[in-house]
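[1] output the structure for:
(2 chains)
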Amino acid sequence: MRTVAALGRSGLEIFWFVLGCFRLFLDFLYWLLIGPLRGFRVRLHETARQAVRMGVNSIPIVFLVNFFVGVTLAVTVADILRIFGAIEYTASVMGVGFWRELSPLLTAIIMSGFAGASLAAEIGTMKVGEELMALEASALNPIRFLCVPRLLAVIVMVPIVTLLGNVFGIYGGYLVYYSMLDLTWAQFYDKMLDAMKVKDVWVGGMKSAIFGGIVGLVGLAQGLQVSGGAEGVGRATTNAVVYSIILIIVADCIMTVVLYF
Amino acid sequence: MGAKGTSGVDRDSQFKKGDVIVRCRDVRMSYDGRPILKGVNLEVRKGETLVIMGGSGHGKSTMLRLMIGAEKPDSGTVELFGQDITKLSEQELYPIKKRFGVLFQSGALYNSMTVGENIALPLREHTDLDEKIISIIIKLKLELVGLRDFEHLVPSQLSGGMKKRVGLARAIALDPEIIFYDEPGAGLDPVMLAVIDELIMGLGEKLGVASIVVTHEMQSAFRIADRMVLMHGGLVLAEGTPEQIRTTTDPVVQQFIQGKAEGPIPLRLSSRDFAEDLLGG
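    Numbers count the residues shown, from 1 in each chain, chains lettered A, B, ... in the order given. So this is what the prediction gives:
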C-alpha cells in the first residue's frame, strides 16, 4: 500500500513538473516571438555562445558513444542476418536504425547529461545566489535573459549533433561490414539508401529537435525551481538528468508508435 | 544620462526633496497560512535614509521584497513614485524598476561576468549609450566605491566586502532615485561596514538618493538613519528619528537596540509546553 502511494506521489510530481515545463515553453515562445515586437530583443550573441558551450563541446563524447554503439550493433545484427544469408542487409539496418532511432535517442541522452545537468546547476546556483532576483530587480526578465538563449541553443544544437552522431555510428557499422565482407563504402552506402525512406530522415530530425527541447526545458525548469542552497542545486541536477531521460524515452515511444505503427 | 524609460515622466520635476516616494499602506502577507505582515504602514521621502530594523522572521526582508516588486502582498498597497506597484503587470513595472537600485545581501553579482560587465549590464540593456560612454560610467561608479582597478576581475576573485561594493556600483549604474539595501552589513568586518555606511550616506547627501536599509547592525543603523522603524511580529512597533528610538521606553525596542537576551522578546518559538513535549504528550 505504501509503495502504491509512493508511486502515485511521484507520478503526480512528474505530472506537475511536466505542466511547469509546458508553461516555461509558452513563456519561451512569448519572449521568442512576441517579445521582439514589443522591443525586447532576443540575445542572439548569447545564444551562439551557449550553442558552442553545449553543442560543440559535446561532439567528442557523442562521437565515442555513437561509434561504439555502431560497431556493437553491426556485429550483433550481422550475426543474425548471416543465418538468413542476408548479411549485406546489415547496411540497411544501420541506416534505418541510426537515422530514425539510435542517434536521436543516444545523442539526446548524452545531451541530458551534458547540457541538461549543466543548465540546472547553472540556473539553480544563480537562483540560490539571488542573481535571478537581481535580474528581475533591474527590469530584466530571467526567462528572456537566460532561458531563451539557452533553450534556443539546445533546440538548434541537438539535431546538428545528432546528425554527426549518425555519421559516427554508421561509420562504425561500416568498419565491421568492411572487415567481414570486404565491400567498399559505395556499396555499403547504396545498400543503406535502398532501405531508407525520406521519412526516416525528417522523423529523425524532428525527434532530435523535440528531444533537445525536452533536455533544455527540463534542465531550466529544474534550475528555476531550486530552493534551499547547495543541496537543492544537487537535487535539481540529478532530477534534470533523470526526468529528461524518462521524458525522452516516453516521447520517443509515442512518436515511433504514432508515425510507424 | 537618459534612461530609455517608457514612463515618459520627467524625473526631476515630479518629485521634490521631501516628497513621499515610497508609501506602503496596510500591507498584509502570509506564507502557507502563517501571517508575516499584519498591516504595515511605511513612508519614505526623497533624499531620506530609512532604516528598517527587526529580528529575523519579523517581516523586514519580506517588506523589502514587496517594495522591489519581487512579490505581491495579499492586501494593501505599495506605492513607488505615486504608482501602486501591486496592481502593475511585470512589463508595466519595468519603467519603475529602472528608477531604483537594489543591493542584495550577498551582492548577487552575475558570476559569469566580469565586474565591469556586471555594472555595464543595466546600461547596455536599458539605454542607448555608446560603449565608450558606458566604459566611462563603469569607471566612475567603480571609483565611487573605491574599486576602479578591479574592472576586469570576475566575482569569484573578490572578497565578500568587495562584492558588496561592486553590487552597490551596479545598483547605482542607472542613477536611481531610491536604493534598497538588504543587510548591507552582514558578514563584513567593522572597517568595511563603516566604508559601506559612508557610501550609503554619501549617496544620500551628494545625489539626493533615498535609501531604504534593512539591517540589524545597530551601530551602523544609528549612524546612517534619518528615520528608523522597528518591525516586530509583522507590525511596525516603533518609528522615529534615531534619537527618538534611542530614548523610547518601550521594553521591546530597548531590548532590541541594546541586544539583550533577557526581555519581552521570547527566545523560544515553540508553542507547546516543554515538559509535555518531552513526555511525548
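[2] residue contacts, the closest residue to chain B within the stretch 151-261 of chain A?
    When scored by C-beta to the nearest C-beta, the stretch 151-261 of chain A has A:G229 as its residue closest to chain B, at 12.0 Å. Bear in mind the C-beta positions are built from the backbone N, C-alpha and C, glycine included. Taking C-beta atoms under 8 Å, 6 or more residues apart in numbering or on different chains, we find A:G229 in contact with A:V128.
[3] look up phi and psi at it.
    Backbone torsions of A:G229, given as degrees, to the nearest 10, read phi 70, psi -150.
[4] ok, B:Q254 to B:Q244 distance?
    As judged by C-beta to C-beta, to the nearest Å, B:Q254 and B:Q244 stand 13 Å apart.
[5] state the phi and psi torsions of B:F100.
    According to degrees, to the nearest 10, B:F100 has phi -130, psi 160.
[6] right, and it touches B:Y181 too?
    No - B:F100 is beyond contact range of B:Y181, at 11.3 Å (criterion: C-beta atoms under 8 Å).
[7] quick one: buried residues of the host helix or strand of B:I257?
    According to DSSP states H and E, B:I257 maps onto helix B:251-258. Buried residues in helix B:251-258, counted by 16 or more other C-beta atoms under 10 Å in any protein chain shown: B:V252, B:V253, B:Q254, B:Q255, B:F256, B:I257.
[8] same question for stretch B:52-61.
    Residues of stretch B:52-61 classed as buried: B:I52, B:M53, B:G54, B:G55, B:H58, B:G59, B:K60, B:S61 (neighbour count, 16+ other C-beta under 10 Å).
[9] then stretch B:186-201?
    Neighbour counts over stretch B:186-201 (16+ other C-beta under 10 Å) mark B:L188, B:M192, B:L193, B:V195, B:I196, B:D197, B:L199, B:I200, B:M201 as buried.
[10] what does stretch B:211-221 give?
    Neighbour counts using 16+ other C-beta under 10 Å place B:S211, B:I212, B:V213, B:V214, B:T215, B:H216, B:E217, B:S220, B:A221 of stretch B:211-221 among the buried residues.
[11] which residues sit against that stretch?
    By C-beta under 8 Å, 6+ apart, the residues outside stretch B:211-221 that reach it are B:22, B:44, B:48-56, B:60-61, B:63-64, B:67, B:178-186, B:193-194, B:196-197, B:200, B:203-204, B:224-225, B:228, B:242, B:257, B:259.
[12] repeat that for 7 Å
    By C-beta atoms under 7 Å, 6 or more residues apart in numbering or on different chains, the residues outside stretch B:211-221 that reach it are B:22, B:44, B:49-53, B:60-61, B:64, B:67, B:178-185, B:193, B:197, B:200, B:203-204, B:224, B:228, B:257, B:259.
[13] keeping just the C-alphas, turn that stretch into PDB.
    Extracted C-alpha coordinates of stretch B:211-221, given in PDB (Å, rounded to 0.1, in the frame of the first residue of the first chain):
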ATOM      1  CA  SER B 211      17.800  54.800   0.800                       C
ATOM      2  CA  ILE B 212      15.900  52.000   2.400                       C
ATOM      3  CA  VAL B 213      18.200  49.900   4.500                       C
ATOM      4  CA  VAL B 214      17.200  46.600   6.100                       C
ATOM      5  CA  THR B 215      19.700  45.800   8.800                       C
ATOM      6  CA  HIS B 216      20.200  44.600  12.400                       C
ATOM      7  CA  GLU B 217      23.600  46.100  12.800                       C
ATOM      8  CA  MET B 218      22.700  48.600  15.500                       C
ATOM      9  CA  GLN B 219      25.800  50.800  15.400                       C
ATOM     10  CA  SER B 220      25.500  51.300  11.600                       C
ATOM     11  CA  ALA B 221      21.700  51.700  11.800                       C
END
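[14] make CSV out of the buried residues of helix B:251-258 and add pLDDT.
    Output for those, formatted as CSV (pLDDT from 0 to 100):
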residue, pLDDT
B:V252, 84
B:V253, 85
B:Q254, 85
B:Q255, 85
B:F256, 82
B:I257, 82
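[15] which single residue in the stretch 101-250 of chain B comes nearest to chain A?
    For the stretch 101-250 of chain B and chain A, the shortest gap (C-beta to the nearest C-beta) falls at B:A108, measuring 3.9 Å.
[16] element containing that residue, please.
    Secondary structure assigned from DSSP H and E places B:A108 in neither a helix nor a strand.
[17] any idea how far B:L168 is from it?
    Applying C-beta to C-beta, the value for B:A108 to B:L168 is 11 Å.
[18] looking at the two, which one has more neighbours?
    B:A108 (26 against 23; other C-beta atoms under 10 Å in any protein chain shown).
[19] what's B:P73 sitting at in phi/psi?
    phi -70, psi 160.
[20] surely it and B:R65 touch.
    No - using C-beta atoms under 7 Å as the test, B:P73 is too far from B:R65 to be in contact (10.0 Å).
[21] need the pLDDT of the most centrally placed residue in chain A.
    With distances taken as C-alpha atoms, centre = their mean, A:A108 lies nearest the centre of chain A, 2.6 Å away. We have a pLDDT of 95 for A:A108.
[22] and the one 4 residues further on, by the same measure?
    For A:S112, the model assigns a pLDDT of 93.
[23] likewise for B:A120?
    B:A120 carries a pLDDT value of 93.
[24] so how many other residues sit close to it?
    Using other C-beta under 10 Å, B:A120 has 22 other residues around it.
[25] please apply the same query to B:I96.
    A count of nearby residues for B:I96, using other C-beta under 10 Å, gives 20.
[26] what of the one 10 residues further on?
    Counted with other C-beta under 10 Å, residues neighbouring B:S106 total 20.
[27] quick one: the helices in the stretch 1-150 of chain A, in order.
    For the stretch 1-150 of chain A, the helices defined by DSSP state H, counting those that start in this stretch occupy A:2-29, A:44-54, A:59-83, A:90-96, A:103-111, A:117-128, A:131-137, A:142, A:148-181.
[28] can you tell me which of the buried residues of stretch B:52-61 are in helices?
    Counting by DSSP state H, the part of the buried residues of stretch B:52-61 found in helices is B:K60, B:S61.
[29] want to throw the buried residues of stretch B:52-61 into TSV with pLDDT and distance to chain A?
    Below are these laid out as TSV (pLDDT from 0 to 100; distance: C-beta to the nearest C-beta, whole Å):
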residue	pLDDT	distance to chain A
B:I52	92	17
B:M53	89	21
B:G54	84	20
B:G55	79	21
B:H58	78	20
B:G59	82	18
B:K60	84	16
B:S61	85	11
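[30] ok, the buried residues of stretch B:52-61 vs A:P159, which is closest?
    Using C-beta to C-beta, B:S61 comes nearest to A:P159 of the buried residues of stretch B:52-61, at 45.0 Å.
[31] in contact with that closest one, which residues?
    Residues near B:S61 by C-beta under 7 Å, 6+ apart: B:D182, B:V214.
[32] what parts of chain A come near chain B?
    A:G129, A:E130, A:E131, A:M133, A:A134, A:E136, A:A137, A:S138, A:A139, A:L140, A:N141 (C-beta under 7 Å from any C-beta of the partner chain).
[33] between the residues you listed, which has the most around it?
    Comparing these by number of neighbours (other C-beta under 10 Å), A:A134 comes first, having 25 neighbours.
[34] contacting residues for the spatially closest residue to that residue that is not a sequence neighbour?
    Nearest residue to A:A134, sequence neighbours excluded (C-beta to C-beta, 6 or more residues apart in numbering or on different chains): B:A108, at 3.9 Å. For B:A108, the contact set (C-beta under 7 Å, 6+ apart) comprises A:G129, A:E130, A:E131, A:M133, A:A134, B:G167.
[35] same thing but at 6 Å, please
    Neighbouring residues of B:A108 by C-beta atoms under 6 Å, 6 or more residues apart in numbering or on different chains: A:E130, A:E131, A:A134.
[36] and if you look at B:V236?
    By C-beta under 6 Å, 6+ apart, the contact list for B:V236 reads B:V40, B:V229.
[37] report the separation between it and B:I212.
    Using C-beta to C-beta, B:V236 is found at 14 Å from B:I212.
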